[in-house]
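Participant: Using only what follows, build the 3D model:
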Amino acid sequence: MREGPDAGTAGMRRLDGGTFTMGSEQFYPEERPRRQVRVDPFWMDEAPVTNRQFEAFVRATGHVTVAEIAPDPKDYPGMPAHMARPGSLVFTPPAGPVPLDGSAAWWTFHFGAYWRRPYGRHGPKARDDHPVVHVAYEDAAAYARWAGKDLPTEAEWEFAARGGLEGAEYAWGDELAPGGQMLANYWQGQFPWQNLELDGWARTSPVRSYPPNAFGLYDMIGNVWEWTCDWYAEQPAALPSPCCLPLNPRGGPENSSYDPLTPDIPIPRKVIKGGSHLCAENYCQRYRPAARHPEAVDSATTHLGFRCVVRDSAA
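Facilitator: Numbering: from 1, shown residues only. Next up, the predicted model:
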């Protein structure tokens, strides 16, 4: 792996591509089955896009994020009228243990929360070297276009996160905290109320705070979830055939990505990867390369960011 030779790939690493085992049989059903796939060479950002980088994009383009625009009640049947104001979802820990079968106990919609004020209008300003959050899919895609890049596919992202460790459950091996060493920003303690902060951070951490993987990539696990460009499907769209392995596999069709639990709100969902600082051993063990989760394209939260790729044909 080597650093990019020009401005177009500055701050990126070139990955040679190849065959790897995607998925896991050990954790969540949507990660199954384990299967071999191939990806072509590509460049990937060393770290998630930071607030400093996103600020440069906004200054250059005047981009207004989804969280800064009041939602249209026509798009959200049953939404109370008073909710038609700009804002975003902010993690708010409860005072004590709560049932883990409903996220409303720890997610609060804050009016005025957006990437510059990630914890609400009265909270602290975003820190330059932390990953940008409160970015919906269209915000991430707009940044990527401006930068002359793309968002990664799920397969590209997982290949990069594994760092060449074939079949390992974590980005560094098969043990979450080898010898008690914290190798990523995730939740220690009983989520969502008890954060022991053994890794030093209660929320996001500056990018590059932890060692890179073998490909020279930082924060592939934990800190913030990251958008991919693939539509979500419960099972992979392409499985190996007797003759050949899938090359650069993609997700399912857009019309199959809708959440079956909200049929009245048909908003498509993308795959997000990597887990975040809110993933814990007792809840959402998705601080792993194989982990995946559906996210509605209009979602913006305090634990969701992104990074970009440049495919060799565009480099």
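Participant: separation between Asn51 and Val58?
Facilitator: Distance, Asn51 to Val58, by Cβ to Cβ, to the nearest Å: 10 Å. All C-beta spots, glycine's among them, are computed from the backbone N, C-alpha and C.
Participant: Looking at those two, which one has more neighbours?
Facilitator: Ranked by neighbour count (other Cβ atoms under 10 Å), Asn51 and Val58 place Asn51 first, with 22 against 18.
Participant: tell me the contacts of that one?
Facilitator: The contact partners of Asn51, by Cβ atoms under 8 Å, 6 or more residues apart in numbering, come to Trp115, Arg116, Ala126, Arg127, Asp128, Asp129, His130, Pro131, Val132.
Participant: Would you map the helices across the stretch 101-250 of the chain?
Facilitator: Along the stretch 101-250 of the chain, counting by DSSP state H, counting those that start in this stretch, helices occupy 137-146, 154-162.
Participant: How far off centre is the first one?
Facilitator: The offset between the C-alpha centroid of helix 137-146 and the centroid of the whole chain comes to 14 Å, using Cα atoms, centre = their mean, to the nearest Å.
Participant: center of this protein, which residue is that?
Facilitator: Nearest to the geometric centre of the chain sits Glu226, at 1.6 Å (Cα atoms, centre = their mean).
Participant: Report the separation between that one and Ala144.
Facilitator: Using Cβ to Cβ, we find Glu226 at a distance of 12 Å from Ala144.
Participant: any common contacting residues for these two?
Facilitator: Between them, Glu226 and Ala144 share these contacting residues under Cβ under 8 Å, 6+ apart: Phe306.
Participant: May I see the buried residues of stretch 147-154?
Facilitator: Buried residues in stretch 147-154, counting neighbours by 16 or more other Cβ atoms under 10 Å, are found at Ala147, Lys149, Asp150, Leu151, Pro152, Thr153, Glu154.
Participant: coming back round to it: surely the residue nearest to the centre of the chain touches Val309?
Facilitator: No. Glu226 sits out of contact with Val309 when judged by Cβ atoms under 8 Å, with a separation of 11.1 Å.
Participant: how near is Asn185 to Arg34?
Facilitator: Per Cβ to Cβ, Asn185 is found 27 Å from Arg34.
Participant: And these two? Which one has more around it.
Facilitator: The residue with more neighbours, out of Asn185 and Arg34, is Asn185; 27 against 13, by other Cβ under 10 Å.
Participant: Against Glu234, how distant is that one?
Facilitator: Counting by Cβ to Cβ, the gap from Asn185 to Glu234 is 28 Å.
Participant: Break down this structure into its strands, ranges please.
Facilitator: Ranges of strands in the chain, per DSSP state E, are 12-15, 18-22, 35-39, 42-45, 87-91, 107-111, 225-231, 269-273, 292-296, 304-305, 309-311.
Participant: tell me which strands and helices the fourth one is in contact with?
Facilitator: Yep, that's strand 42-45 we're talking about. Counting contacts by 3 or more Cβ pairs under 8 Å, 6 or more residues apart in numbering; DSSP states H and E, strand 42-45 is packed against strand 12-15, helix 154-162, strand 309-311.
Participant: One more: the first one?
Facilitator: Judged by 3+ Cβ pairs under 8 Å, 6+ apart, strand 12-15 is in contact with strand 42-45.
Participant: quick revisit: tabulate the contacts of Asn51 in CSV, adding columns for distance to Pro246.
Facilitator: As requested, the contacts of Asn51 are exported to CSV (distance: Cβ to Cβ, whole Å):
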residue, distance to Pro246
Trp115, 35
Arg116, 41
Ala126, 39
Arg127, 40
Asp128, 40
Asp129, 37
His130, 36
Pro131, 30
Val132, 32
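Participant: want to try TSV for the residues you listed, with neighbour count and pLDDT as columns?
Facilitator: What follows is the contacts of Asn51, written out as TSV (neighbours: other Cβ atoms under 10 Å; pLDDT from 0 to 100):
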residue	neighbour count	pLDDT
Trp115	21	98
Arg116	18	98
Ala126	22	96
Arg127	14	97
Asp128	12	98
Asp129	15	98
His130	22	98
Pro131	30	98
Val132	28	98
